[in-house]
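> give me a 3D structure for the following:
(one chain, ligands or ions: 1)
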Amino acid sequence: MPEPKIVVVNDAAELFVHAAEEIAHVAGEAICTHGEFTFCLSGGSTPASTYELLATRFLNSVDWKEVRFYWGDERCVPPEHPESNYAMANRTILSKLAIKPEQVFRMRGELPPQEGALDYEKQLKASFGLGDGEFPRFDLILLGLGDNRHTASLFPGDPAIHEARRSVVAVDVDAEPRNRLSFTAPVLNNAERVMFLAAGQKKAEAVRDIIDGPRDPDRFPAQIVAPENGAVTWFLDRAAASLLKPR
Ligand code: 6PG
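Sure thing, here's the model as predicted:
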């Protein structure tokens with residue numbers, strides 16, 4: 001995999017704008033080249049402002065009717081639950097776009113976890129027209145980084161980090177809500193582009209470990225993201241990048 005690109009901007013506000021700008025650019029490129037943009041959203045709090053900017057300042061920069069929305073992970077809660085990644089995306093962007101329900105492929109967190117994982121694998125298979133053993137190739141997967149070095153819902157020490165057959169797994173993590181659904185490395189590493197967003201001093205040690213630390217995906221799960229035929233870009237503010245080696 002080519003070296004990840006690292007973009008450092010002054011502060012979180014600038015990071016959110018820069019990320020929205022890049023997403024709009026990637027969306028335009030994808031729609032121009034193959035008529036649609038398969039966009040995999042991240043959860044957590046960091047992307048919320050970027051989603052809001054996409055639905056406001058960048059509303060007319062993307063042909064939203066050609067976008068298909070997915071999630072890289074979800075908490076096993078109902079879609080209206082405050083902890084739901086879908087609920088956050090619906091509040092910040094989806095509810096503000098003139099899109100059709102069939103453009104949104106929601107992880108069904110309300111199902112029993114194992115059923116939810118199988119259900120999403122079926123949704124991926126149908127919407128990407130996958131054969132057995134094939135993995136979807138997303139135009140863009142957005143990822144965050146947890147202070148404990150997790151990404152999606154692949155947490156340190158979880159055997160799911162090394163899952164090579166399934167596309168979506170149900171995991172029990174050391175954070176509330178414990179039960180979650182997560183993409184696996186084969187899906188993350190099949191993406192055309194992956195964008196990590198991380199902001200704030202609290203993320204600095206995790207960013208340093210993932211980018212400059214010893215290779216140890218069991219301790220640093222976000223290191224598992226290394227697409228063979230895809231580009232990884234880290235969007236960081238100065239604080240989150242503050243412990244990186246000079247480049
Ligand atoms: C989730 C996310 C998770 C998130 C990181 C960072 O479901 O929580 O998918 O991987 O990206 O935990 O979260 P913050 O952006 O809130 O720091």
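> OK, contacts around the one residue in the chain that gets nearest to the ligand?
Relative to the ligand, the nearest point of the chain is residue 144 (2.1 Å; C-beta to the nearest ligand atom). Just so you know, the C-beta spots here come from the backbone N, C-alpha and C atoms, and that holds for glycine as well. Applying C-beta atoms under 8 Å, 6 or more residues apart in numbering, we find residue 144 in contact with 42, 43, 44, 46, 47, 151, 196, 197, 198.
> neighbours of the closest residue to it other than its chain neighbours, how many?
Take residue 144 and drop its neighbours on the chain: the residue closest to it by C-beta to C-beta, 6 or more residues apart in numbering is residue 44, 4.4 Å away. For residue 44, the count of nearby residues is 15 (other C-beta atoms under 10 Å).
> work out for me the element the nearest residue to residue 19 once chain neighbours are set aside sits within.
Once flanking residues are discounted, residue 19 sits nearest to residue 50: 4.5 Å by C-beta to C-beta, 6+ apart. Secondary structure assignment for residue 50, by DSSP states H and E: helix 48-54.
> tell me if that helix is near the ligand.
No: applying C-beta under 6 Å from any ligand atom, one finds helix 48-54 out of contact with the ligand, separated by at least 8.2 Å.
> CA atoms only for the next helix or strand after that helix, dumped as CSV, please.
Scanning forward in sequence from helix 48-54 by DSSP H and E, the next helix or strand is strand 67-71. C-alpha atoms of strand 67-71 as CSV (Å, rounded to 0.1, in the frame of the first residue of the first chain):
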residue,chain,number,x,y,z
VAL,A,67,-24.9,8.9,-3.7
ARG,A,68,-25.4,5.6,-1.8
PHE,A,69,-24.9,5.9,2.0
TYR,A,70,-23.6,3.0,4.1
TRP,A,71,-22.0,2.7,7.6
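> what packs against strand 67-71?
Counting by 3 or more C-beta pairs under 8 Å, 6 or more residues apart in numbering; DSSP states H and E, the packing neighbours recorded for strand 67-71 are strand 37-41, helix 85-92.
> okay, now the sheet partners of the helix or strand following that strand, with direction.
Next helix or strand after strand 67-71 toward the C-terminus (DSSP H and E): strand 73-75. Its sheet considered, strand 73-75 pairs with strand 179-183 (antiparallel) by DSSP bridges.
> how about the partner strand and the ligand, touching?
No: using C-beta under 6 Å from any ligand atom, we find that strand 179-183 stays clear of the ligand, coming within 6.7 Å at best.
> ok, stretch 66-76 next?
Yes: interface with the ligand: stretch 66-76 contributes residue 73 (C-beta under 6 Å from any ligand atom).
> enumerate the residues of this structure near the ligand.
Proximity of the chain to the ligand, by C-beta under 6 Å from any ligand atom, involves residues 42-46, 73, 85, 144-146, 150-153.
> same thing but 8 Å
For the chain, the residues in contact with the ligand (C-beta under 8 Å from any ligand atom) are 42-47, 72-75, 85, 143-147, 150-153, 175, 180, 197-198, 200, 202-203.
> any chance you could map the helices in this structure?
12-34, 48-54, 85-92, 113-128, 185-188, 204-212 (DSSP state H).
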